[in-house]
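>>> One predicted model, sequence on top.
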Amino acid sequence: MPWYDRLLSVDRRWIYLVLAVAIIIPAVWTFFVPVSVSSEVENVYEFIDTIRDGKLVYLAIDYEPSYMAELHPMAEAILRQVFRQNGRVLAGSLSQFGPSMADELLTRIAHEMGKTYGVDYVFLGYKPYPALTILAMGTDFRVPFPADYYGHPLDSLPLMTGVHNYSDVAGVFSLAGGTGAEYWITYGNAKYNLPLALGVTGVMAADYYPYLQSGQIFGLLPGIKGAAEYEQLAGLRGQGLRGIPYQAAAHAVVLFFIILTNVAFFAKRAAGRRAGAESGR
Amino acid sequence: MKRRIPLILVFVTGMAMVAQFFVPHEYSDYLFQYANDFVIVIGILALPVGIYSLMVATVRKARSEPRERIYSLATIAGFLVMVAAGLKREWFHGDTTLSAMLFDNILVPAQATLFSLLAFYLASAAYRAFRARTLLAALLLLTAFIVMLRMIPLPEPLASWNATVVRWILEVPNMAAKRAIIIGVGLGAVTYSTKILLGIERSYMGGD
């Protein structure tokens, strides 16, 4: 069998093995991959930079554990920056598996940064029907969430004093791994005109550029690269920057395979043409 | 009458909710909340039906397919354990509760593993599918190649050139295509909703 046929029909398990080795390499030999900051990430950073001295931001943790690798670093970086600037966070989730992750994340970061529940941050929890929940929060956070995730009535929490709806928060930052982001655009931004930024997975990012250009969202963190860019701007070194070498290695392997398969493909085509020309003589 | 009453209900409720969206008034908000409560109540009423359906289908499968019985039993056991672990609100909180342990040690790794496997399938699919067989395939291949290249550290000026091209791809051809799809889907949704409100589309009533 010619070399190009062998390459074109290579067993997929070899591809899996090469990819697995490439992903393991950064875990064994740590290296740094520089990231260039894009304007959509810079917009998010500049917005979060204004959340200082008691200003309030709504953080929507609208993703499931499968998206943790890409979206958790964003949530962590934003929380650290807001808390560092003495800003306040109102968090909620439109994903049924979101609350446990959000609870763990908020509690851990707040504990590390010496923040108090009910004063510096509040976690509303989860409510089903995302569209209805977003619309109801536009009337009053107390409508869909009379009590927070832990069962405390919202009125008993100092942070909620004078906080009723979106007009009392500086903006919403939604981290979404599914359709949660679209609900925020359609029902949050369109109806209440709230300043909205998104953090989405890498494969979803291309879908949200039209909203960026139309001004419906003012910023976008695309995948782990977005998280890394944000961490670089915020002067943090978290999971985003640490995850980039793994992604770079995996992408390098995929690109290598694409080149390899095309080299074999064109070699086979050239050989076929040569054989055709020889048989025609 | 059997058809007319649902059609009238759909028309009146639908038009009321359309009007409500554009009316910033106290009564409008009240109507909206009232309708929201209805949706939640209907959802809660549907829950036992869903649980019953899941159980019946799983038990039936366990009986008819002995080789896959273990999976059916795992489904039933998983359901019952999660229900038992979450019967009280306070059982959701803290690192040591059964609910938290099941979430952290079963659900999170299982979902993360399944999602991570996509990388391997993607690499294999890219190897087999990204071949420049035609002009369109070559264009797709080239675009994907350039976009993926931005994840790899490149020397200057290659990195700046790549960033500029990627931005152009995302902001011009990608955006044009996405915008066309979004507007098309939006118009389709409006048309379909209007047909339901006016009683032209009646498949939701079954048959017809």
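Okay, I see it.

>>> switch to C-alpha atoms for all contacts and neighbour counts from now on
Fine.

>>> any low-confidence regions in the chain?
The chain I'm using is chain A. With pLDDT under 70 as the threshold, chain A has low-confidence stretches at A:281.

>>> I was after chain B.
B:89, B:92-95, B:207-208.

>>> Tell me the residues of it that contact chain A?
Within chain B, the residues that sit near chain A (C-alpha under 8 Å from any C-alpha of the partner chain) are B:29, B:33, B:36, B:89-90, B:92-93, B:100, B:103, B:107-108, B:111-115, B:120, B:123-124, B:126-128, B:130-132, B:145, B:148-149, B:151-153, B:170-171, B:174-175, B:178-179.

>>> Tell me the residues on the stretch 1-150 of chain A that lie near chain B, please.
With C-alpha under 8 Å from any C-alpha as the criterion, the stretch 1-150 of chain A comes near chain B at residues A:8, A:12, A:15-16, A:19, A:33-35, A:65-69, A:100, A:132, A:136, A:139, A:150.

>>> let's see it at 6 Å
A:16, A:65-66 (C-alpha under 6 Å from any C-alpha of the partner chain).

>>> which ones among the residues you listed are found in helices?
Secondary structure assignment by DSSP state H places A:Y16 of the residues of the stretch 1-150 of chain A next to chain B in helices.

>>> if we can go back for a sec, now a ChimeraX select for only the buried ones of the residues of chain B next to chain A.
Isolation of the buried members of these (16 or more other C-alpha atoms under 10 Å in any protein chain shown) is achieved in ChimeraX through the command below:
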select /B:29,33,36,92,93,100,103,107,108,112,120,123,124,126,127,128,130,131,132,145,148,149,151,152,153,170,171,174,175,178,179
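
>>> taking the residues of chain B next to chain A one by one, which sit in helices?
Assigned to helices by DSSP H, the following of those qualify: B:29, B:33, B:36, B:100, B:108, B:111-115, B:120, B:123-124, B:126-128, B:145, B:148-149, B:170-171, B:174-175, B:178-179.

>>> How about the contacts made by the residue nearest to A:Y126 when sequence neighbours are not counted?
Nearest residue to A:Y126 in three dimensions, chain neighbours excluded: A:S93, at 4.9 Å (C-alpha to C-alpha, 6 or more residues apart in numbering or on different chains). Counting by C-alpha atoms under 6 Å, 6 or more residues apart in numbering or on different chains, A:S93 makes contact with A:60-62, A:125-126.

>>> Mind giving me the packing neighbours of the lengthiest helix in chain A?
What stands out as the longest helix in chain A, according to DSSP H, is helix A:239-280. Judged by 3 or more C-alpha pairs under 6 Å, 6 or more residues apart in numbering or on different chains; DSSP states H and E, the packing partners of helix A:239-280 are helix A:12-28, helix A:223-234, helix B:108-129.

>>> Return the most buried member of these.
By mean neighbour count, with neighbours taken as mean count of other C-alpha atoms under 10 Å in any protein chain shown, helix A:223-234 ranks first of the helices and strands packed on helix A:239-280 at a mean of 25.

>>> Can I get stretch B:13-23 in CSV? Just the C-alpha atoms.
Taking only C-alpha atoms (Å, rounded to 0.1, in the frame of the first residue of the first chain), the coordinates of stretch B:13-23 have been written out as CSV:
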residue,chain,number,x,y,z
THR,B,13,-54.1,34.8,25.8
GLY,B,14,-51.5,35.2,23.0
MET,B,15,-52.7,38.7,22.1
ALA,B,16,-52.9,39.7,25.7
MET,B,17,-49.3,38.6,26.3
VAL,B,18,-48.1,40.4,23.1
ALA,B,19,-49.8,43.6,24.3
GLN,B,20,-48.4,43.2,27.8
PHE,B,21,-44.8,43.1,26.5
PHE,B,22,-45.2,46.7,25.2
VAL,B,23,-47.2,48.2,28.0
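
>>> Residues contacting that stretch, please?
Here stretch B:13-23 makes contact (C-alpha under 6 Å, 6+ apart) with B:S28.

>>> redo that, cut-off 8 Å
B:28-29, B:31-32, B:197 (C-alpha atoms under 8 Å, 6 or more residues apart in numbering or on different chains).

>>> Which one of the residues in the stretch 51-200 of chain A is closest to chain B?
Scanning the stretch 51-200 of chain A for proximity to chain B using C-alpha to the nearest C-alpha identifies A:S66 as nearest, at 4.4 Å.

>>> you'd agree that residue is up against B:Q111?
Yes. In this structure A:S66 lies within contact range of B:Q111 using C-alpha atoms under 8 Å: 4.7 Å.

>>> what's the overlap in contacts for the two?
Shared contacts of A:S66 and B:Q111, defined by C-alpha under 8 Å, 6+ apart, are not found at any residue.

>>> A:A227: what's it in contact with?
A:70-71, A:73-74, A:77, A:221, A:240-241.

>>> please redo it, this time with the cut-off set to 10 Å
Each residue near A:A227 by C-alpha atoms under 10 Å, 6 or more residues apart in numbering or on different chains is listed here: A:41, A:70-78, A:199-200, A:221, A:233, A:238-241, A:243-244.

>>> Provide a ChimeraX selection command restricted to the buried entries of those residues.
With 16+ other C-alpha under 10 Å as the criterion, this ChimeraX line picks the buried residues out of those:
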select /A:41,70,71,72,73,74,75,76,77,78,199,200,221,238,239,240,241,243,244
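
>>> Only the C-alpha atoms, please, for the host helix or strand of B:A74, written as CSV.
Element membership for B:A74, per DSSP states H and E: helix B:69-85. Output in CSV follows, covering the C-alpha atoms of helix B:69-85 (Å, rounded to 0.1, in the frame of the first residue of the first chain):
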residue,chain,number,x,y,z
ARG,B,69,-30.9,-4.1,32.3
ILE,B,70,-28.0,-2.8,34.3
TYR,B,71,-28.3,0.6,32.6
SER,B,72,-32.0,0.8,33.3
LEU,B,73,-31.4,-0.1,36.9
ALA,B,74,-28.7,2.5,37.1
THR,B,75,-31.2,5.1,35.8
ILE,B,76,-33.8,4.2,38.4
ALA,B,77,-31.3,4.0,41.2
GLY,B,78,-29.7,7.4,40.2
PHE,B,79,-33.2,9.0,40.1
LEU,B,80,-34.2,7.6,43.5
VAL,B,81,-30.9,8.5,45.2
MET,B,82,-30.9,12.1,43.9
VAL,B,83,-34.5,12.6,45.0
ALA,B,84,-33.7,11.2,48.4
ALA,B,85,-30.6,13.4,48.6
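
>>> so how far is that helix from its chain's centroid?
24 Å (C-alpha atoms, centre = their mean, to the nearest Å).

>>> just checking, what packs against it?
Contacts of helix B:69-85 with other secondary structure elements, assessed using 3 or more C-alpha pairs under 10 Å, 6 or more residues apart in numbering or on different chains; DSSP states H and E, are made with helix B:26-64, helix B:98-102.

>>> Most tightly packed of the ones you listed?
When the helices and strands packed on helix B:69-85 are scored by mean count of other C-alpha under 10 Å, the highest mean neighbour count falls to helix B:98-102 (a mean of 19).

>>> Can you show me the CA trace of that helix as PDB?
Included here for helix B:98-102 are C-alpha records, laid out as PDB according to Å, rounded to 0.1, in the frame of the first residue of the first chain:
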ATOM      1  CA  LEU B  98     -24.900  13.600  50.000                       C
ATOM      2  CA  SER B  99     -26.300  15.900  47.300                       C
ATOM      3  CA  ALA B 100     -23.000  17.800  47.100                       C
ATOM      4  CA  MET B 101     -20.900  14.700  47.200                       C
ATOM      5  CA  LEU B 102     -23.000  13.100  44.300                       C
END
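
>>> can you list the residues that contact it?
For helix B:98-102, the surrounding residues in contact (C-alpha under 10 Å, 6+ apart) are A:100-101, A:104, B:78, B:81-87, B:90-96, B:104-108.
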